[in-house]
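Enquirer: Build me a model from this:
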Amino acid sequence: MVSFGRPYQYMKSFRVYWQDTEVMDDGMVVKGNEKEAPDAIIDGILAEADMKTMEIWKQNQSPISHTIVSYHPAVKISKNDVLLFGDDPCHDHKFIVKGTKDPAGTGQFSIYYVLERSDTDGRRS
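Expert: Got it, this is the predicted structure:
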């Protein structure tokens, strides 16, 4: 179903948390804590991923549930970073970034392929 709206009607603001990693003495990379990116908010349009895109990502061992299209992304987001949407810290929607794409190659737009996680706590201390 196609829906028509006004400009910026469907834009949502996402808070960005970077995934910290550490390298142990033996060279093993270990997942660290998530830390909030300073003054980093991504404005984008959230949509459910279509079946074809979900199947492609599933075959690559990285299932996704949604895509977020952002115009003029302000910060660099990479795989395993976390995007939070919502005003109530107890009920935030948590999205883990599985991949990114710059469709035009100009840095004006970004597509984030994300997996919504409802089994993890969105609260931050």
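Enquirer: From here on, just use CA atoms for contacts and neighbour counts.
Expert: Fine.
Enquirer: Centre of the chain to the lowest-mean-pLDDT helix or strand in the chain, how far?
Expert: Every helix and strand in the chain was compared by mean pLDDT, DSSP states H and E; the lowest is strand 29-48, with a mean of 79. Its chain's C-alpha centre and that of strand 29-48 lie 6 Å apart, by CA atoms, centre = their mean, to the nearest Å.
Enquirer: Just checking: what are the partner strands of that strand?
Expert: Applying DSSP bridges, strand 29-48 is found paired with strand 11-23 (antiparallel), strand 66-71 (antiparallel).
Enquirer: got the CA coordinates for it in PDB?
Expert: The C-alpha coordinates for strand 29-48 follow below in PDB (Å, rounded to 0.1, in the frame of the first residue of the first chain):
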ATOM      1  CA  VAL A  29      38.700  -9.000  19.400                       C
ATOM      2  CA  VAL A  30      36.100  -8.800  22.200                       C
ATOM      3  CA  LYS A  31      32.800  -6.900  22.200                       C
ATOM      4  CA  GLY A  32      32.800  -4.100  24.700                       C
ATOM      5  CA  ASN A  33      30.200  -1.700  26.000                       C
ATOM      6  CA  GLU A  34      28.000   0.500  23.900                       C
ATOM      7  CA  LYS A  35      28.700   4.200  24.400                       C
ATOM      8  CA  GLU A  36      26.500   7.100  23.300                       C
ATOM      9  CA  ALA A  37      27.800   9.100  20.400                       C
ATOM     10  CA  PRO A  38      28.100  12.800  21.600                       C
ATOM     11  CA  ASP A  39      25.300  14.900  20.100                       C
ATOM     12  CA  ALA A  40      24.700  12.300  17.400                       C
ATOM     13  CA  ILE A  41      21.100  12.000  16.200                       C
ATOM     14  CA  ILE A  42      20.200  10.400  12.900                       C
ATOM     15  CA  ASP A  43      17.000  11.600  11.300                       C
ATOM     16  CA  GLY A  44      15.600   9.000   8.900                       C
ATOM     17  CA  ILE A  45      12.600   7.200   7.600                       C
ATOM     18  CA  LEU A  46      12.000   3.700   9.100                       C
ATOM     19  CA  ALA A  47      10.400   1.000   7.000                       C
ATOM     20  CA  GLU A  48      10.000  -2.700   7.200                       C
END
